[in-house]
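*Asks:* here's a sequence, model it:
(6 chains)
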Protein chains: 4
Amino acid sequence: MTYEVTSIVEDAALVEKRRKQIVDAATTLFSSQGFFRTTIKEIAKLAGISSGLIYQYVTDKEDVLLLVLLEVVDAYARELPAAIESATDPLDRCVAAIVAYCRVVDAHRAATVLAYRSTKSLSEDRRVRIQRRELETNQIIAGVITECVRKGYFRRVNVNVLTYQIVMTAHAWALKSWYFKTILTLDDYIEHSLDILLKGVLAPSAEKKWQSISKDMASPPSNPSR
Amino acid sequence: MTYEVTSIVEDAALVEKRRKQIVDAATTLFSSQGFFRTTIKEIAKLAGISSGLIYQYVTDKEDVLLLVLLEVVDAYARELPAAIESATDPLDRCVAAIVAYCRVVDAHRAATVLAYRSTKSLSEDRRVRIQRRELETNQIIAGVITECVRKGYFRRVNVNVLTYQIVMTAHAWALKSWYFKTILTLDDYIEHSLDILLKGVLAPSAEKKWQSISKDMASPPSNPSR
Amino acid sequence: MTYEVTSIVEDAALVEKRRKQIVDAATTLFSSQGFFRTTIKEIAKLAGISSGLIYQYVTDKEDVLLLVLLEVVDAYARELPAAIESATDPLDRCVAAIVAYCRVVDAHRAATVLAYRSTKSLSEDRRVRIQRRELETNQIIAGVITECVRKGYFRRVNVNVLTYQIVMTAHAWALKSWYFKTILTLDDYIEHSLDILLKGVLAPSAEKKWQSISKDMASPPSNPSR
Amino acid sequence: MTYEVTSIVEDAALVEKRRKQIVDAATTLFSSQGFFRTTIKEIAKLAGISSGLIYQYVTDKEDVLLLVLLEVVDAYARELPAAIESATDPLDRCVAAIVAYCRVVDAHRAATVLAYRSTKSLSEDRRVRIQRRELETNQIIAGVITECVRKGYFRRVNVNVLTYQIVMTAHAWALKSWYFKTILTLDDYIEHSLDILLKGVLAPSAEKKWQSISKDMASPPSNPSR
DNA sequence: CATGAATGAGCGTTCATTCAT
DNA sequence: TATGAATGAACGCTCATTCAT
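*Replies:* Residues are numbered from 1 along each chain as shown, chains lettered A, B, ... in the order given. Here you go, the predicted structure:
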């Protein structure tokens, strides 16, 4: 997970450690105050180091933002595959992927919102690096969808549009948490979203299978018609 | 459309005119450079007035942002109802609402993205005002969905979740336009999205009606399985 | 005397006034502490304005240095011609030029030293501008030398080398004033320098004329052999 | 050649070696970028040592500058006497001294300019040490001039002024090399300068001797009247 | 002796905001 | 009402110097 962000310090372990301190502090601060309202000195203070030291591990304030955003997209890239591997049947895998994605978003809620707010604060080339990673993650989801289509579970839909529909559904949990948090839990949200999204693409022949999966899910929608 | 934003100047018509100049300039600049990278001087210059004058119509730089964001959410509040009124049957109204929402987003792509980027730059109370407006707009959509459910067109889904699913679908066109623009047109996007979203909630008895609506739409998905 | 240094402020008279304040303050400070040890805030304070205001009249700290150095070279360009015009005979004019040059240097001692210390702190293009002005001033001296040669007062010497010999003689008064001030006065210095320099280039036929000029000079070398 | 600059390290040979590394690196960097634009890290890197180590051999960054400038003035003090000893006749010795001085300056062009730029960056007491050395070197030249005067080769001129005239002539080759390099070679420059300077002080009786010396010089002025 | 990570004071510069005109 | 010159707090960043290893 080398970030291709150059550091003056050579000791790899130290770089790892310091960067973690910096990124952790910056994530907290950027999330609550935004990139521009956060000062390098605040980051340094929260990270427990001096402000000058940050520049031994990073070239720019923008570089700190890049590191923070990479951390988020990497969390997806790390955790999604693990979730998928737990199952073999395409439909199971698809559901697992969606559930996992939503949970990762929930765990990184602040950082997810930050990505939407701050990606444009990056220089062109750094922004492109983030977008490339997002596409890579999306390919994982697109992959399981394609499996489902091949296996005849899904009717023939536009895979890319469906992929983003799923992605946006997950992101919405973070982006609109100020609203959702007032009306339902994450598990409810996942249930309802799966219900809406998958019902729309299931082939008739797969509906029975879906119902059994649906029933197995831990906490059934508590309030289906609110 | 009094914005509850205090102005020193009393002549209402002049206030209207100046604010329009300011908001237009600010929208352009905020969208391309972001809130923090844009200076009051730049806004003044583009608006064709002096920087000092801005403070006769606004208390703060943040106030300018508020005005800009209110403009966007108002565009929804203005144009959605118009689209809905064109039809009477709930399903037609629902489709019309979704299509209209997507088109409004497309017309305000930059500003929509801006809303996601910059809402958090507002102070708590101003942010809440924006969110309240967003909810009001969403109520319009929730309304037509409820109509569809009552009429038996839609099965009993969580109306609020579905509403945001629709909203996020429309917003996604703006938020991920860097990607979508490379693979399909707005019309294609709307088609595919409707296909996925509505199929998932239509009651069996309404499917025939949906098919006829679907067929009437100008440009059918040109590439359904891409 | 437009300095081709861009200012944000448009009122020409104000620009003139503020720049004078800035240049005067900067000249004092740069001379006593050097360019790098002097801060913008110090300049602002001494100039009686705020630090931010400086950037309305200058783009850079380096720009302030440029203005200061231009002031010095302009002093030469302004005062030399005046001194020369006072006489018509080439030899008289040449002596007048040298004397005048030495006096200008004396009046701008600190700034002259500054030019030697700090010209290299300028960016390439700004340094070139200064050098070009220096050459222009030198042309004035080279001109009177050429006149003297044509008139047969001077034997045929390398005009450019002699020109710089004269220039360096004058500058030396500033550059080595820490030494000269301990052993003689400016007038003495001029006398001795003229004695050495001109004797070396006078044609035999002009020696009589030189002696009469020499005798006319106010304060004869008080200590010819020290 | 103990520089009276205190070092923590005791091994004299090592001190010598390290100081040479440091001074060599610093001379290069100071000359091209100036004292303030050069960082201790850059010096350390070019010297092939760590930045911390420099402080074992020097107390200050300013101390490094002192060492560098002492090196230059020492070059004069070292090489001038050698040049003079090659001849016995005062006039020969004088010419040899001037020629040698010019050549030393040429060999240390960058460092000579550096001395003019940076001497004032030193603290008072360190600056005085440099000036004292400069005066010592000048005494060598003043010495041969005095010899010439005693021997009747030179008329009675102000020895100190003439000494500095010579010194400045040599320094000018470095200070104004941006100009001279475009119009003549070092040898031409020396020729012309000697021609102007010495002609002005030669007693009539010594002119013949001067002419024979002059003729012996390798490359006669190629362009005497330019 | 030597290293280089760490510190933190201090600088140039920007820009929202004010206010005399 | 309108202007734009003026203010000054605040920020990102640099770098001489120290010190644990």
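*Asks:* please state the offset of stretch A:198-211 from the chain centre?
*Replies:* 26 Å (Cα atoms, centre = their mean, to the nearest Å).
*Asks:* so which bits of that stretch are buried?
*Replies:* Within stretch A:198-211, the residues that count as buried by 16 or more other Cβ atoms under 10 Å in any protein chain shown are A:Leu198, A:Lys199, A:Gly200, A:Val201, A:Leu202, A:Ala206, A:Trp210. To be clear about C-beta, it is placed using only N, CA and C from the backbone, and glycine gets the same treatment.
*Asks:* dihedrals phi and psi, A:Lys151?
*Replies:* Phi and psi for A:Lys151, reported as degrees, to the nearest 10, are phi -80, psi 0.
*Asks:* spit out the contact partners of the nearest residue to it once chain neighbours are set aside.
*Replies:* The shortest distance from A:Lys151 to any non-neighbouring residue, by Cβ to Cβ, 6 or more residues apart in numbering or on different chains, is to A:Pro90 (4.8 Å). Taking Cβ atoms under 8 Å, 6 or more residues apart in numbering or on different chains, we find A:Pro90 in contact with A:Val144, A:Glu147, A:Cys148, A:Arg150, A:Lys151, A:Tyr153.
*Asks:* these, buried ones only, as a ChimeraX selection?
*Replies:* Applying 16+ other Cβ under 10 Å to the contacts of A:Pro90, the buried members can be selected in ChimeraX as follows:
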select /A:144,147,148,153
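*Asks:* mind listing which of the contacts of A:Pro90 are in helices?
*Replies:* Here DSSP state H is the test, and the contacts of A:Pro90 give A:Val144, A:Glu147, A:Cys148, A:Arg150 as lying in helices.
*Asks:* in chain A, what helix or strand scores lowest on average pLDDT?
*Replies:* Here the helix or strand of chain A ranked lowest by mean pLDDT, DSSP states H and E is helix A:207-216, holding a mean of 84.
*Asks:* ok, and which of the buried residues of stretch A:198-211 reach chain B?
*Replies:* Restricting these to those near chain B by Cβ under 8 Å from any Cβ of the partner chain leaves A:Leu198, A:Lys199, A:Gly200, A:Val201.
*Asks:* one step back: quick check, nearest of the contacts of A:Pro90 to DNA strand F?
*Replies:* Comparing the contacts of A:Pro90 against DNA strand F with Cβ to the nearest atom of the strand places A:Val144 closest, at 40.9 Å.
*Asks:* was I right about that closest one contacting A:Val95?
*Replies:* No: between A:Val144 and A:Val95 there is no contact under Cβ atoms under 8 Å: 9.1 Å.
*Asks:* now do A:Lys209 against DNA strand E, distance only.
*Replies:* Distance of A:Lys209 to DNA strand E, given as Cβ to the nearest atom of the strand, to the nearest Å: 55 Å.
*Asks:* residues in contact with the nearest residue to A:Lys209 once chain neighbours are set aside?
*Replies:* Counting by Cβ to Cβ, 6+ apart, A:Leu91 is the residue found nearest to A:Lys209 once chain neighbours are left out, at 5.9 Å. A:Leu91 makes contacts with A:Cys148, A:Lys151, A:Tyr153, A:Ala206, A:Lys209, A:Trp210, A:Ile213, as judged by Cβ under 8 Å, 6+ apart.
*Asks:* distance of the fourth one relative to chain B?
*Replies:* As defined by Cβ to the nearest Cβ, to the nearest Å, A:Ala206 lies at a distance of 13 Å from chain B.
*Asks:* now do the third one
*Replies:* For A:Tyr153, the distance to chain B equals 14 Å [Cβ to the nearest Cβ].
*Asks:* please consider this matter closed, and thank you.
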